[in-house]
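Asker: Make a model of this:
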Amino acid sequence: MKCWPQLLLGLVITIHSWPVVAQDSAEQWLQKMVTASHEASFKGRLVLLSGGRLISLAVFHAPIQGQVWERVVHLSGEPAEIIRQGDRTFSVHRMNSSQLSSHVSDAAPALKPPSGLSTTGSPVQKWESIQQGIQAASRYYRFELVGEDRVAGRPAILIEVEPLDLHRYGYTLWLDEESGVLLRSQTNPLKGDPLEIFEFVQLSLVDELSVGDFQAGENLKMPKPLSRSEAEQPLPISDIRWQAGWVPDGFVAAGRAALSRQYPTVSVRTYSDGLAAFTVFCEALDAPVTESTSSRGATVAVNRNRDKTLVTVVGEIPAVTAEKIAENVKILAVNERTR
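Answerer: Numbering: from 1, shown residues only. This is a model prediction of the structure:
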């Protein structure tokens, strides 16, 4: 009989703690994550494992002046930072800093054509896009509330995101039980080990961060931002007319193909299903180039020659899907002055 008080206490604790998870669905927790990505102020350190490379980062994230600001500092390798101020994103280095985006119509401006696969911003930013419609995304993914765990010493809610076809990756998410902030995520192929993992090793929820927390570090210089008139200037429509002959069900184009501000001779269009995304780049060529398929972590890049045009597909989708997209791009017309 002496053990009954302890048993009852354990039962009370169990009953009290479980509804924190059970009372909300996976979709409701995902909405909390989206809300946190826009409203929460936090700073911390995380590790990113992608393509066999382990990168350590410091992250500052907060709503500033009515917009989401974020600063991601590379703590290993060459000094570099990604600074996001609302719809403006800057890549900051010692020698070659640049403004990656400045206008909502810029189609995937942070993704470079064939030359490089790059990670911009923190993994937290990626999941903001699901705000466009968790219900719509549920047509292509199954969301399941798995249980509880701990990340960075904090209680976390564990959610599985399972694709319903072979053209998407799956994800496992760990959300902070207190705030909804994404503490850890991993990108899962159909078979095998995760392609990419990010995990906070230390996280501090703070009342507020100042503008000074989002300034570039020592010996790094922010590029001069575009003026408001330049930023609001619509992008010209490309002289390369093309259309995607095939994309997976659920992926929708974000506007017409336009010229990238960063690469003024490259026609760009982004497609998204509300969670995953890929970008198609088209550039007129005088002669064919070597076709290739390459990947780093969860990101794949595919180059294909199509009617005197280099077609490049870059995104976090399976390689076979990216190859099929590239091989089915139809070039309708190329103005000679684009060559």
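Asker: Isn't residue 159 up against residue 177?
Answerer: No. Applying CB atoms under 8 Å as the test, residue 159 and residue 177 come out as separate, 11.9 Å apart. From N, CA and C alone the C-beta is placed, and that goes for glycine too.
Asker: For residue 323, give me phi and psi.
Answerer: phi -60, psi -40 (degrees, to the nearest 10).
Asker: Let me know whether it touches residue 294 as I believe.
Answerer: No. If you go by CB under 8 Å, residue 323 and residue 294 don't touch, sitting 11.5 Å apart.
Asker: With neighbour numbers in mind, choose between those two.
Answerer: residue 323 (16 against 13; other CB atoms under 10 Å).
Asker: Apart from its neighbours in sequence, what residue is nearest the more buried one?
Answerer: residue 302 (5.2 Å; CB to CB, 6 or more residues apart in numbering).
Asker: any idea how far the one you found lies from residue 30?
Answerer: 30 Å (CB to CB, to the nearest Å).
Asker: One more: residue 180?
Answerer: 9 Å.
Asker: More neighbours: those two, which one.
Answerer: Per other CB under 10 Å, whichever of residue 180 and residue 30 has more neighbours is residue 30, with 26 against 21.
Asker: now the strands for the stretch 51-200 of the chain?
Answerer: Listed in chain order, the strands of the stretch 51-200 of the chain (DSSP state E, counting those that start in this stretch) span 53-64, 67-74, 81-85, 88-92, 98-101, 141-151, 154-163, 170-176, 182-188, 196-205.
Asker: Can you tell me which of those is nearest to residue 308?
Answerer: Nearest to residue 308, of all the strands of the stretch 51-200 of the chain, is strand 98-101, at 28.8 Å by CB to CB.
Asker: Start and end of stretch 270-282, how far apart?
Answerer: 12 Å (CA to CA, to the nearest Å).
Asker: Make 12 the first number, not 1, from now on.
Answerer: With 12 as the first residue, the last one maps to stretch 281-293.
Asker: what is the mean pLDDT for it?
Answerer: Model confidence over stretch 281-293, given as mean pLDDT, is 90.
Asker: for stretch 80-98, same thing?
Answerer: 90.
Asker: What residues of that stretch count as buried?
Answerer: 80-85, 90-96 (16 or more other CB atoms under 10 Å).
Asker: Any regions of the protein where pLDDT drops low?
Answerer: Applying pLDDT under 70 to the chain flags residues 12-34, 109, 111-137, 139-144, 236-249, 266-275, 346-350.
Asker: And the helices in it?
Answerer: 15-28, 30-33, 37-50, 134-137, 145-148, 239-243, 330-338 (DSSP state H).
Asker: give me the number of residues near the residue nearest to residue 334?
Answerer: 27.
Asker: what sits against it?
Answerer: 303, 304, 323, 324, 325, 330, 333, 334, 336, 337 (CB atoms under 8 Å, 6 or more residues apart in numbering).
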